[in-house]
Structure formats: C-alpha cells, structure tokens
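A.B. asks: I would like the atomic coordinates for the input below:
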Amino acid sequence: MSQNVRVWRIEAGSELKEVGQAQLDLESRLEDWLEGDIDILDRDLLVIGRQIQTDFGGVIDLLCIDVAGDLVILELKRDKTPREIVAQTLDYASWVDALSHDQVTAIANSYLGEASFEATFLKRFGEAVPDQLNNDHRMVVIASEIDASSERIITYLSDRHGVSINAATFQYFKESDGGELLTRVFLLQPDEVDYRARTKSSSKRKPNLTYEQLESIATERGVGPLYAYAVEAFRPFFEGTRTTQSNISFVAEIGGSRGAVLNLIPRDSDELSGLAFQVYASRVDERFGVTQDRLRECLPDGIQAWQYYPDAPPNWSGFAGALRSTVEVDALATGLAGDVS
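C.D. replies: Numbering: from 1, shown residues only. Got it, this is the predicted structure:
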C-alpha cells in the first residue's frame, strides 16, 4: 500500500507541530546519500560499486554486499514506468547472479580504490570476507514514492514466487527554520522477504533461523525459560541482534563497524549442561572496556578457550561454555556493564 507519512515536532514538552512534506528532486540526491551513508537503508550493507556497466548494456545504480557475502542491487526508480523499473531490476539480477568470487572482488577493489575490499569488509562488519561470495542476491527498488502497479508486481514476485525483491521509499520534509528531515519506509518487511526467498525459491543458501525458531529449539532442548531470560538480559547492551542457521548473535559497533560479540546457541544446549554460548573476548574489551581477565571472572565454571577457526587472531577468539542459571546470566550481564566486584 502507498505510505502517507506525516511528521510532527514535539515542542514545549507536549505541543505537536506538523512538519510539512516538501517538494524536492529527491531521487537525484538519493543515490549520493545512499553511497555516502548506506545505513539510511540498511546498516548491514557495504557499497562496492556505483554505475556498474553490465554485459547486457544496462547500468546498475548501486551494488552492495552483506556480511554473508550476498549481493544487493539498488535501483532508483527515477522516471521509469512500473514495467520498466521491475524488468530492468530483474535484468540486472540475471547478470549479477553469474558473477564469480573473483569478479565480485574485482568490482569492489575497482570501486574502493586504495582501500582493499578485504580491509574495508573487515572494518565494516568486523568479520573477514567469506570464502564464498554471491551465493545469493537480492534487489531493492529505491524511490520517493512507489505507484500501485509497482507495488503489486513487487509484492506478487515476493509472495508467490519467493523472488528476493523489495522497495524502499524515502520522503523529504523541510521545517520552517530550514531543517531537513528524511524518512524511509519499506514496502515489505525485509525479514519476511528474506524468509520467502529462502523457502520458496531455488536459493542456494539455507535460510537463517527466525527468532521464533531459535526460541522453539531452546524449549525443545530444555533451556527455553533460561534462553528467553538471557536474550532480554543481554539485549540492552548491544546495538542489535541477528540470527544465523544455529544461533542468535548480539552485535555491537566496534571501530566503525558492526560485529558479533556474544552468541547464544540453543541447538548445542541441553537441560543438564545449560545454554551454550560463545563470547569474543577482545571485542568485549574494545566495546565495554572489560579486560579478558575481568571477563573470565564473570563467566561460569567450565568455560574453555575458543576460536572461530583454527589459529584465529585475538579478534576472532574468546571463550565458550554454558550458562546454567539466571544467576550466571546476571553475572555476565553485570560484567558487560563494567561492574565486576
């Protein structure tokens, strides 16, 4: 459905003053804004190309990559008709689908210049470039408004056929004192688009588990209440969470990038052993100022040294173990608060 966004400023504690929507050649500026700060669309993307010439004669406005190594095509609607914008986006996707690891790397290095793809990816996500790139891709149509016909086509492709396509609308508002505001609304919930793409299409990557599925697994493994308690206890300390095919990760901003700091793993848990976890010690130190020795003090008995992969550097290492009670959850949460007594 079309989004009629209205914005109010709260003045003097309780008075509401509406900020009027302004006329602006928005889509001519959106590409610059998205390139300069992709967080306005998705905080888990990295721009790796702009105005990329395809082998089919078209030009992709912006090409991005996510932490899993999957590509994301951003296409601005501008003055294209509904048929043109959707067909063009799908055409670009057919070209992107065939890009190899080396081709993706070459596109990224060409765009990033002196800053290598590997270094930029690590800084952005706090994780190394995956061994496999472009297992999957998705598409997002960008516009100041989406007409009913485009909405219908995009929704049909996602709902019925599991095509990973969505639309995001940005609307511009200007205050009487000259202040500018920008809003963003997705046509479809991104998580729902991703889930349908993983389950209905011929996606090569297994879908990440949903939060509900992880909670269900925790219950089946006999740690349901403890898992739910831990999620709520740890969530306030982090900038966000994300799921994988096995765990929930608590993500923090570290050195200008977002990376996992703490993982809870329901599938490796059981009622006797407790709720399995992994924690990156150096990331806890950098984010919360809690040294490895202090962190160890607030972890439960039986923890072991852990590495994300053999011979991993300190940033990819830490501790693994199991939380057996709410008391042990609270002790770790207290440690994250920097109060270890």
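
A.B. asks: right, and residue 329 touches residue 233 too?
C.D. replies: Yes. Here residue 329 reaches residue 233: they are 5.2 Å apart, a contact under CB atoms under 8 Å. For every residue, glycine as well, the C-beta is placed using N, CA and C.

A.B. asks: more neighbours, the two?
C.D. replies: residue 329 (23 against 17; other CB atoms under 10 Å).

A.B. asks: for the closest residue to residue 20 other than its chain neighbours, list each beta-bridge partner.
C.D. replies: Nearest non-adjacent residue to residue 20, counting by CB to CB, 6 or more residues apart in numbering: residue 173, 6.6 Å away. On the basis of DSSP bridges, residue 173 is bridged to residue 21, residue 181.

A.B. asks: for residue 173, the count of nearby residues, please.
C.D. replies: For residue 173, using other CB under 10 Å, the count is 19.

A.B. asks: then residue 74?
C.D. replies: With other CB under 10 Å as criterion, residue 74 counts 27.

A.B. asks: now do it, the pLDDT please.
C.D. replies: Predicted confidence (pLDDT) at residue 74: the value is 96.

A.B. asks: how near is the closest residue to it other than its chain neighbours to residue 45?
C.D. replies: Nearest residue to residue 74 in three dimensions, chain neighbours excluded: residue 62, at 4.0 Å (CB to CB, 6+ apart). Per CB to CB, to the nearest Å, residue 62 is found 9 Å from residue 45.

A.B. asks: tell me the contacts of residue 115?
C.D. replies: Contacts of residue 115 were listed using CB atoms under 8 Å, 6 or more residues apart in numbering, and none were found.

A.B. asks: pretty sure it belongs to a helix, no?
C.D. replies: No. Counting by DSSP: H, G, I helix; E, B strand; the rest coil, residue 115 falls outside a helix, being coil.

A.B. asks: the nearest residue to residue 138 once chain neighbours are set aside and residue 135, how far apart?
C.D. replies: Distances taken as CB to CB, 6+ apart put residue 164 closest to residue 138, at 3.8 Å, once the chain neighbours are dropped. Distance of residue 164 to residue 135, computed by CB to CB: 12 Å.

A.B. asks: ok, these two, which is more surrounded?
C.D. replies: A direct count of neighbours by other CB under 10 Å for residue 164 and residue 135 places residue 164 higher, at 24 against 14.

A.B. asks: how about that one, phi and psi?
C.D. replies: When quoted as degrees, to the nearest 10, the phi and psi of residue 164 stand at phi -80, psi 80.

A.B. asks: all helices of the chain, in order?
C.D. replies: Taking DSSP state H, the helices of the chain run over residues 26-36, 82-96, 101-112, 117-125, 148-161, 190-200, 211-220, 224-234, 281-288, 292-297, 326-336.

A.B. asks: kindly export the longest strand seen in the chain (C-alpha atoms) in CSV.
C.D. replies: With DSSP state E setting the assignment, residue counts place strand 257-270 as the longest strand in the chain. Output in CSV follows, covering the C-alpha atoms of strand 257-270 (Å, rounded to 0.1, in the frame of the first residue of the first chain):
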residue,chain,number,x,y,z
SER,A,257,31.9,-1.5,12.1
ARG,A,258,29.3,-3.9,13.4
GLY,A,259,30.3,-7.3,14.6
ALA,A,260,29.1,-10.2,16.8
VAL,A,261,30.3,-10.0,20.4
LEU,A,262,28.2,-12.8,22.0
ASN,A,263,26.4,-15.8,20.6
LEU,A,264,23.7,-18.0,22.3
ILE,A,265,23.4,-21.4,20.7
PRO,A,266,20.2,-23.3,21.5
ARG,A,267,21.0,-26.2,19.3
ASP,A,268,24.2,-27.1,21.3
SER,A,269,22.3,-26.7,24.6
ASP,A,270,20.5,-29.1,26.9
